[in-house]
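Undergrad: Next input, structure requested:
(one chain, ligands or ions: 2)
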Amino acid sequence: MGRLRSIEAMLKARKPGHSLPQGLYNDPQTYEFDLRAIFARSWLMAGFEIELPKPGSYMALTVGPWPVLLTRDRSGRLHAFHNTCRHRGAQICPDGKGAAARLVCPYHRWAYELSGELAHASRMPADFDPARRSLGPIHIETLAGTIYICLADDPPDFAPFREAFAPLLAPHDLANAKVAFECTLVEKGNWKLVIENARECYHCPTGHPELSVAFPTGASAHFDPDEEGRTEAFNTRIAALGLEIGPVEGAWWQAIRFPLNEGCVSMTPDGKPSVAKLMCPTGDGDIGSLRWAVEPNSFCHATGDFLFMFSAMPTAPQETVVTAKWLVHKDAVEGRDYDVERLIALWNGTNFQDRDLVENNQKGVNSPGYRPGPYSPDAESLLMRFVDWYCVRAQAFIDEAGPV
Ligand code: FES
Ligand SMILES: [Fe+2]
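TA: Residues are numbered from 1 along each chain as shown. Ligands and ions are numbered 1, 2, ... in the order given. Next up is the predicted model:
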């Protein structure tokens, strides 16, 4: 309770429109709080249906410190479980992807169906009831080929997000995609500094000169490039192609299709496509970028030729692991239709640049001289939206816990 009281004091001391009090960025108690108040209670983007391509496929990942397991059962249905054995709790699958007829715990070989039921446990007494030892389920939802999980008993309503966003994403045909590359990056910074950085492009003109070729770094909210008539012309052309534009948004999600810089059709170092076989062939792939973000920790960009996913997981008070994935059309052949180095060049370089910015930000925030400073409503509006959302969710968790 003392912990909640100190977090609440920091939330109350927070000046709206300003960066957060220091303790919300570097205190070990805040880290523990954020895991319970934010990561255990939000829909988190876990990946893509094509990462579990057939019955028997599984994917294990870690949410904060918690191991999670996604499976596709014999009937093709997706499930999510806590990745902990119902015997003595060992982690059943290491992080990564694979396929198996059953999931076998490495410790004493208890075996589970992909639908979660315990199928076999040796040397247990006659009154042992396997039906009571199924894997612990986690909520899972899919949306036009993307997968989201929520560890809460009573998750936020997912339907409005699906209804609003699926029509924008569907033309990108994620059912016929493949993961061309994925990697992780450890950043020595609090997860909120990682996401604040990811929600603004104030730093882009100097922090990401390469990104600035294709990306409208001067754009304000809703990625309006603020150039005479460009958004209107883009919207008219995209609407004529039959694609939805948005913006659509809810408290914890937002999406929009927006124009890239003049002459650019993809997020590559030169703005030219990086994949010859398009994911979304509409308009010959000249469709700007569909960007969506899900609080607390992810965003994606989908151009005509590929899709980029960014997800950040807190692993310590001042450490975050970023996962990046690049999807292309499943029939795109590496070496013929695309070159991996060129495909990942822009976002991978951007991620490294952002890591340095975040680590530098964390060092300064740890200074006794740190004081919360004002955000730019023009350049940092999506960041402000994230921080406001965080504070509301944090306070709601404290309120639900009762008097502190
Ligand atoms: S902990 Fe899994 S079988 Fe014992
Ligand atoms: Fe950045």
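Undergrad: my guess is K15 meets P372, correct?
TA: Yes. K15 is in contact with P372 according to CB atoms under 8 Å; the separation is 5.9 Å. The C-beta positions use only the backbone N, C-alpha and C, and glycine is treated the same way.
Undergrad: Looking at these two, which is more packed in?
TA: P372 (17 against 12; other CB atoms under 10 Å).
Undergrad: how about that one, what does it touch?
TA: With contact set as CB atoms under 8 Å, 6 or more residues apart in numbering, P372 has these partners: R14, K15, H18, S19, L20, P21.
Undergrad: one more time with 7 Å, if that's ok
TA: By CB atoms under 7 Å, 6 or more residues apart in numbering, P372 lies in contact with K15, H18, S19, L20, P21.
Undergrad: ok, how many other residues are close to E232?
TA: When neighbours are counted by other CB under 10 Å, E232 comes out with 9.
Undergrad: ditto for A251
TA: 14.
Undergrad: So which bits of the protein are right by ligand 1?
TA: C85, H87, R88, G89, A90, C105, Y107, H108, W110 (CB under 6 Å from any ligand atom).
Undergrad: Phi, psi for the last one please.
TA: The one in question is W110. The phi/psi pair for W110 (degrees, to the nearest 10) reads phi -60, psi 140.
Undergrad: That one reaches C85, doesn't it?
TA: Yes. When contacts are counted by CB atoms under 7 Å, W110 is listed as touching C85 (5.9 Å).
Undergrad: Give me the below-cutoff pLDDT ranges for this protein.
TA: 1, 221-222, 224-228, 404 (pLDDT under 70).
Undergrad: what about the helices in it?
TA: 2-13, 23-26, 28-34, 159-169, 191-198, 204-207, 211-214, 230-240, 340-365, 381-401 (DSSP state H).
Undergrad: highest average neighbour count across these?
TA: Across the helices of the chain, the average number of neighbours (mean count of other CB atoms under 10 Å) peaks for helix 191-198, which reaches a mean of 25.
Undergrad: Okay, angle between it and helix 381-401 too, please.
TA: 150 degrees (axes from the mean of the first three to the mean of the last three CA atoms, to 10 degrees).
Undergrad: what does helix 191-198 rub up against?
TA: Applying CB under 7 Å, 6+ apart, the set of residues contacting helix 191-198 is 25, 187, 296-297, 299, 310, 312, 314, 320, 322, 354, 357-358, 361-362, 383, 386-387, 390.
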